[in-house]
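S.K.: Give me a 3D structure for the following:
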Amino acid sequence: MGADRAPVIARRSPEEGLQPYLRAIRTRLPMVLAVIFTALIASLLLASKHPPTYETGAKLFINPWPQSDTSLLDIGLLRETGDPTRTMETAVGLIDSHAAASRTAQRLGNGWTRERVEDSIKIDVRGESNILEVIASAPSAQAAADLANAHAEAVLALRRAAVRREVAAAMAQTEARLRSPNAPTGDAAIRLGERLTDLQSIRDRDPTILLADRAEPPAAAIGLPRSLIVALSLMAAVLIAVGAALVLEIVDPRMQDEEDVVGVYQLPVLAAIPGLSRRERRRLLESPLEPIPRTREDFRTIQVQLDRDDVEHPVVMFTSASRHDGKTTTALQFALSLAAESHRVILFDLDLPSPELTSRLGLADVARDPSEQASVPLDLDDLMVPTALPTLFVVPTRGTGDPVVAGALLRHVPSLIFSAAGQADYVVIDTPPLGEVSDALRIVANVDQVLLVARLRNTNRKQLELTRDLLERSMVWPHGLVILGSRDSRRRRLGGPRRRYDETVVPEPTTGSTAA
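M.R.: Residues are numbered from 1 along each chain as shown. Model (predicted):
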């Protein structure tokens, strides 16, 4: 016996160009799509809660009354101060007032309030000119124009009303003086007449604040369009998702796809078995001796490929690199597929640190204590337990964490395997993960075929590298890989993965070099 065949080892060509990026995205496609979908929903919600804003402005011309003209000092006109900036600030105070905002809200109606108007209006001085712009913001172009014009008209109406009141009072006073018995004469009378003319000229308007240009509906909203915001959000999400996928590709030690596994250990992929559904996993726990119908053909494919070695009563060992890689399930399902074809199968549970097979089949009570077995000669017939399937027998173990006891017990294993091969059509052995426990190396010299089980998104890269190095240093060439959790249900045939490789032939080991 001995898994001593020396196959052609395929050396993978280095990935070039966009291949590493595309593989990182492909292996983490659910995460990438989740990030993009979340960004899309968030951008749509943000766009719906923040409608587009339109801005436009009505222009007011500020024409302060000259300082030199003292005829209308008692009228509250905007006057020159000698400092243009200060003059414009005074004008802004007149325009940006609570009274103007309240009057604008009354003009617009439709739920407009003074506070809302004040939040939607700003007064801007156009450079160093005498132009003030009443800038309005609203959810629609027409509403923005209406708001700006309404506010400008409200300002002018308030100024007009204030000037009219003051002018009316001043005119009445002036006329009274001209009609009084003590009315001035001469130059004084002329000045009163001129004052009366000036008052009449401004009676219906404030000549210092004039409408220069009405607001027009803007052609487009300010800021970015909704469609562009959504597009930019999606672009940012794609960049973030791809970046996260690449970072995870670097830092995540787990194998993500078949290329990952084969890249570390270049072996033929005998079967790529899709992950089990929750219902199938529950059924597996409830009825461990029932084959999973969906995977039956996968295990028949493995059997066909192993039978091509033309080994009589083959001894097949299953191991893995990491815990929870699914080697126990794979070994059991393979044994069940053989038993279903009426082959007599003896299934060994030699995972001494964690005898999951024994536990799953409910045989812990009938299994022998390893510390007792280690010190006495063992008889296969005493250890073998029949199952509900007439052609399937199990050699259970209670397991041990003591390496001394485990080593002593494993010394009896070669004779047990030899006896089993004489009684069964197939001997199937479940061993501990070689990347964590070296027990499998003590057994491998007594088996015909070694199958390495890897589970995507679980198998640890470093442990797989360690497993590969241990087997290669022991001159052991596994028959192939069984990959679980594959998203691609296409079955692999003997001859390895369908990819391009540079091949390097490994020399034939010398006879007997497979001993662990």
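S.K.: bridging residues for residue 429?
M.R.: Beta-bridge pairing for residue 429 (DSSP bridges): residue 317, residue 348.
S.K.: mind listing what it touches?
M.R.: Counting by C-beta atoms under 8 Å, 6 or more residues apart in numbering, residue 429 touches 315-318, 331, 347-348, 350, 417, 443, 447. C-beta: built from backbone N, CA, C; applies to glycine.
S.K.: Show me the strands in the chain, by range?
M.R.: Secondary structure of the chain by DSSP state E: the strands cover 8-12, 54-62, 121-125, 131-138, 209-213, 269-274, 315-320, 345-349, 385-386, 392-395, 426-430, 449-455, 480-486, 501-505.
S.K.: on that earlier part again, mind checking which of the contacts of residue 429 are buried?
M.R.: 315-318, 331, 347-348, 350, 417, 443, 447 (16 or more other C-beta atoms under 10 Å).
S.K.: related to what we said a few turns ago, make CSV out of the strands of the chain and add distance to residue 363 and mean pLDDT.
M.R.: Listed next are those as CSV, based on distance: least, C-beta to C-beta, whole Å; pLDDT from 0 to 100:
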stretch, distance to residue 363, mean pLDDT
strand 8-12, 39, 45
strand 54-62, 78, 91
strand 121-125, 83, 89
strand 131-138, 78, 91
strand 209-213, 95, 90
strand 269-274, 25, 93
strand 315-320, 18, 96
strand 345-349, 8, 96
strand 385-386, 6, 94
strand 392-395, 6, 96
strand 426-430, 13, 97
strand 449-455, 22, 96
strand 480-486, 24, 92
strand 501-505, 43, 39
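S.K.: Of those, which is nearest residue 177?
M.R.: Among the strands of the chain, the nearest to residue 177 by C-beta to C-beta is strand 209-213 (29.2 Å).
S.K.: mind saving the C-alpha coords of the closest one as PDB?
M.R.: The C-alpha atoms that make up strand 209-213 are tabulated as PDB, following Å, rounded to 0.1, in the frame of the first residue of the first chain:
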ATOM      1  CA  ILE A 209     -34.800 102.200  -3.700                       C
ATOM      2  CA  LEU A 210     -36.000 101.300  -7.200                       C
ATOM      3  CA  LEU A 211     -36.700  98.000  -9.000                       C
ATOM      4  CA  ALA A 212     -34.000  97.500 -11.600                       C
ATOM      5  CA  ASP A 213     -34.900  94.000 -12.900                       C
END
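S.K.: Now distance to residue 465 too, for the strands of the chain, in JSON lines please.
M.R.: Converted to JSON lines, the strands of the chain look like this (distance: least, C-beta to C-beta, whole Å):
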{"stretch": "strand 8-12", "distance to residue 465": "14"}
{"stretch": "strand 54-62", "distance to residue 465": "63"}
{"stretch": "strand 121-125", "distance to residue 465": "66"}
{"stretch": "strand 131-138", "distance to residue 465": "63"}
{"stretch": "strand 209-213", "distance to residue 465": "77"}
{"stretch": "strand 269-274", "distance to residue 465": "18"}
{"stretch": "strand 315-320", "distance to residue 465": "13"}
{"stretch": "strand 345-349", "distance to residue 465": "27"}
{"stretch": "strand 385-386", "distance to residue 465": "37"}
{"stretch": "strand 392-395", "distance to residue 465": "31"}
{"stretch": "strand 426-430", "distance to residue 465": "23"}
{"stretch": "strand 449-455", "distance to residue 465": "12"}
{"stretch": "strand 480-486", "distance to residue 465": "14"}
{"stretch": "strand 501-505", "distance to residue 465": "18"}
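S.K.: shaky segments in this structure?
M.R.: 1-17, 20, 371-376, 488-516 (pLDDT under 70).
S.K.: and it, what are its domains?
M.R.: Using automatic domain parsing, the domain parsing of the chain gives 8-14+257-505, 53-213.
S.K.: And the strands of the chain: which comes nearest residue 152?
M.R.: Of all the strands of the chain, strand 54-62 comes closest under C-beta to C-beta, at 3.9 Å.
S.K.: and that closest one with strand 209-213, angle?
M.R.: Here the directions of strand 54-62 and strand 209-213 differ by 130 degrees (axes from the mean of the first three to the mean of the last three C-alpha atoms, to 10 degrees).
S.K.: what packs against strand 54-62?
M.R.: If you count contacts as 3 or more C-beta pairs under 8 Å, 6 or more residues apart in numbering; DSSP states H and E, strand 54-62 packs onto helix 84-95, strand 131-138, helix 141-179, strand 209-213.
S.K.: 10 Å instead?
M.R.: helix 84-95, strand 121-125, strand 131-138, helix 141-179, strand 209-213 (3 or more C-beta pairs under 10 Å, 6 or more residues apart in numbering; DSSP states H and E).
S.K.: so of these, which one's packed in deepest?
M.R.: The highest mean neighbour count among the helices and strands packed on strand 54-62, using mean count of other C-beta atoms under 10 Å, belongs to strand 131-138: a mean of 22.
S.K.: list the helices and strands that one packs on?
M.R.: strand 54-62, helix 84-95, helix 98-108, helix 114-120, strand 121-125, helix 141-179, strand 209-213.
S.K.: May I see the contacts of residue 429 organised as JSON lines, with distance to residue 162 added?
M.R.: Below are these laid out as JSON lines (distance: C-beta to C-beta, whole Å):
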{"residue": "315", "distance to residue 162": "108"}
{"residue": "316", "distance to residue 162": "103"}
{"residue": "317", "distance to residue 162": "102"}
{"residue": "318", "distance to residue 162": "97"}
{"residue": "331", "distance to residue 162": "98"}
{"residue": "347", "distance to residue 162": "103"}
{"residue": "348", "distance to residue 162": "105"}
{"residue": "350", "distance to residue 162": "103"}
{"residue": "417", "distance to residue 162": "111"}
{"residue": "443", "distance to residue 162": "105"}
{"residue": "447", "distance to residue 162": "106"}
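S.K.: how many neighbours does residue 286 have?
M.R.: By other C-beta atoms under 10 Å, 8 other residues sit near residue 286.
S.K.: distance between the ends of stretch 334-350?
M.R.: Stretch 334-350 has an end-to-end distance of 16 Å (criterion: C-alpha to C-alpha, to the nearest Å).
S.K.: Pull out the buried residues from it.
M.R.: 334-340, 344-350.
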